[in-house]
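Peer 1: would you be able to build a 3D model of this:
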Amino acid sequence: MIGNKFNTDFKFVKIAVGLLFSLVMFPSNLKSIVIFISGIIIVTYFFRNKRKFQKRYFLLNGTIFLLLLGTILYSNNLEYAFKKLQTLASLIVFPLFFSVLNYDDKKELNLSITKYLKLYIISVFLFNIIPFLWFYITNYTFSEILQHFKFIIIVDFGKYTIHPIYMSMHCCLAIIFSMVIFSKLKRKSEKFLHIIINVILLLFVLLYAKKGPIIAFLLTITVWFYFEYKKHFKYNLLIVLGLIIFFAIIPTTRKHFLELANIEKVTVDNPTSTNIRYTIYQNSFSLIKKSLFWGYGIGDYNDELRKTFKKNAPFLSEKSYNSHNQYISFTLIGGLGLLISFLIFYGKNLMIALQSNNIYLILILIFYGVMMFFENILEREHGVIFFSLFLNFFSFNKVIKPKE
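Peer 2: Predicted coordinates:
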């Protein structure tokens, strides 16, 4: 009887995790509902089957949010603080979800890893191809859709609105996951399907033409080649070199990488993404020096940054720019203490991944770790939800020992 109850309840847990891996396909107003429903299913399973709460795992992956919450004590702008904490909530929600499952539950979920990743890959593929075809058929010529699509997804997507850099991140991660799955496939039909999907997703990466995801993608697959094909690593580097040359000769991406050859303070005359980031970093570091150990709190750090822009870089004050670097942002929020805590949390998870040869976790940490140099990905919905989901799902089984 108990076994039947476990099997029935756990089927719902599997469905809940499947919904989480397909979150890309849900509009922003439904994502939180899906996460909430999935959480109810997982927590109900916890109580019905008398699972033990995994405190050590929860503290490892949930402490960063608690530290961020603590900075509210010296924040004046409480409205912004609570708004930002709501966005960051995935950093505590997903550690909580997976803390109520035990080692046997995780082993059972591991049997479906490939299915979950395929759900994510298909979701990302459809999230790109369906709107592209829709707007092409109903509104634009092919040349127009190629030129305007990365702006369309910001302006005309409604509840599905997403910045091109996050769409590009999804594409790159889907390709990375697909490459790992591809190396284990045996059926030619499946291999062919993965190749087609990857080629199309790579074309979308070119369409969005964002430097950060491309750099993170290239570094991540280089790491994967090293771990999976050490004997042939130097030959696989030729593939990476070929991709670098490919990105370098395509006009859309070449233009953005050429910006790196002429970096200067941004003005009305040189508003490139590279110059914008360079100027933001200059102002951020000057602000950090004034409150190195405590930062400015989750409510006030962005206000202080805008004041600095208004004084030193008027061009930036016209728009709502953040620090465009997650490490800098955490230092602005909570000083060196928060930054060091985050690096320890990240390093601990990376150590766990390396010790257990957990290739998925290694690739996730490398990709997001590089991306954090270019974007505040943990402060945007499409960044923090998937970072926290992937991190907690793939780290869970190696943090909790079987004896527990």
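Peer 1: convert the C-alpha atoms of stretch 263-274 to CSV, please.
Peer 2: The C-alpha coordinates for stretch 263-274 follow below in CSV (Å, rounded to 0.1, in the frame of the first residue of the first chain):
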residue,chain,number,x,y,z
ILE,A,263,37.0,50.7,-26.2
GLU,A,264,36.3,54.2,-24.8
LYS,A,265,33.9,56.1,-22.5
VAL,A,266,30.4,56.1,-24.0
THR,A,267,28.9,59.2,-25.5
VAL,A,268,26.1,60.0,-27.9
ASP,A,269,28.6,59.5,-30.8
ASN,A,270,29.8,56.0,-29.8
PRO,A,271,27.0,54.1,-28.1
THR,A,272,28.3,50.6,-28.6
SER,A,273,27.4,47.8,-26.1
THR,A,274,31.1,47.5,-25.3
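Peer 1: just the residues contacting it, thanks.
Peer 2: By Cβ atoms under 8 Å, 6 or more residues apart in numbering, the residues outside stretch 263-274 that reach it are 211, 256, 259, 260, 275, 276, 278, 279, 282, 313, 315, 316. C-beta: built from backbone N, CA, C; applies to glycine.
Peer 1: can you check stretch 290-297 too?
Peer 2: The contact list for stretch 290-297 (Cβ under 8 Å, 6+ apart) reads 71-76, 81, 287-288, 301, 303-304, 331-338.
Peer 1: can you check stretch 209-226 too?
Peer 2: In contact with stretch 209-226 (Cβ under 8 Å, 6+ apart) are residues 150, 164-165, 168-169, 171-172, 175-176, 179-180, 205, 233, 236-237, 239-240, 243-244, 247, 252-253, 255-257, 273-274, 359, 362-363, 366-368, 370-371, 373-375.
Peer 1: show me where pLDDT drops low in the stretch 301-404 of the chain?
Peer 2: Within the stretch 301-404 of the chain, the ranges that satisfy pLDDT under 70 run 397-404.
Peer 1: which stretches in it count as helices?
Peer 2: Here the stretch 301-404 of the chain has its helices, by DSSP state H, counting those that start in this stretch, at 301-312, 314-317, 326-355, 359-371, 381-399.
Peer 1: now for those helices, which one comes closest to residue 142?
Peer 2: helix 381-399 (26.9 Å; Cβ to Cβ).
Peer 1: name the residues of that closest one that are buried.
Peer 2: 382-399 (16 or more other Cβ atoms under 10 Å).
Peer 1: got the angle for it vs helix 326-355?
Peer 2: 30 degrees (axes from the mean of the first three to the mean of the last three Cα atoms, to 10 degrees).
Peer 1: helix 381-399 - contacts with which helices or strands?
Peer 2: Packing partners of helix 381-399 (3 or more Cβ pairs under 8 Å, 6 or more residues apart in numbering; DSSP states H and E): helix 2-21, helix 28-48, helix 55-70, helix 90-99, helix 103-110, helix 164-182, helix 326-355, helix 359-371.
Peer 1: show me which residues of the one helix or strand in the chain whose mean pLDDT sits lowest are buried.
Peer 2: Lowest mean confidence among the helices and strands of the chain (mean pLDDT, DSSP states H and E): helix 251-258, at a mean of 79. Within helix 251-258, the residues that count as buried by 16+ other Cβ under 10 Å are 253, 256, 257.
Peer 1: please state the offset of the next helix or strand after it from the chain centre?
Peer 2: Next along the chain after helix 251-258, taking DSSP states H and E as the criterion, comes helix 273-290. With Cα atoms, centre = their mean, to the nearest Å as the basis, helix 273-290 stands 23 Å off its chain's centre.
Peer 1: could you do stretch 224-233 as well?
Peer 2: With Cα atoms, centre = their mean, you get 25 Å for stretch 224-233.
Peer 1: please save the CA atoms from it in CSV.
Peer 2: Presented in CSV, the C-alpha positions along stretch 224-233 are these (Å, rounded to 0.1, in the frame of the first residue of the first chain):
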residue,chain,number,x,y,z
TRP,A,224,33.3,19.7,-22.5
PHE,A,225,35.7,18.5,-25.2
TYR,A,226,38.5,18.4,-22.6
PHE,A,227,36.5,16.2,-20.2
GLU,A,228,34.9,13.9,-22.7
TYR,A,229,37.5,13.6,-25.4
LYS,A,230,40.9,14.1,-23.7
LYS,A,231,42.7,11.8,-26.1
HIS,A,232,41.5,13.8,-29.1
PHE,A,233,41.3,17.2,-27.4
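Peer 1: for it, buried residues please.
Peer 2: In stretch 224-233, counting by 16+ other Cβ under 10 Å, buried: 224, 225.
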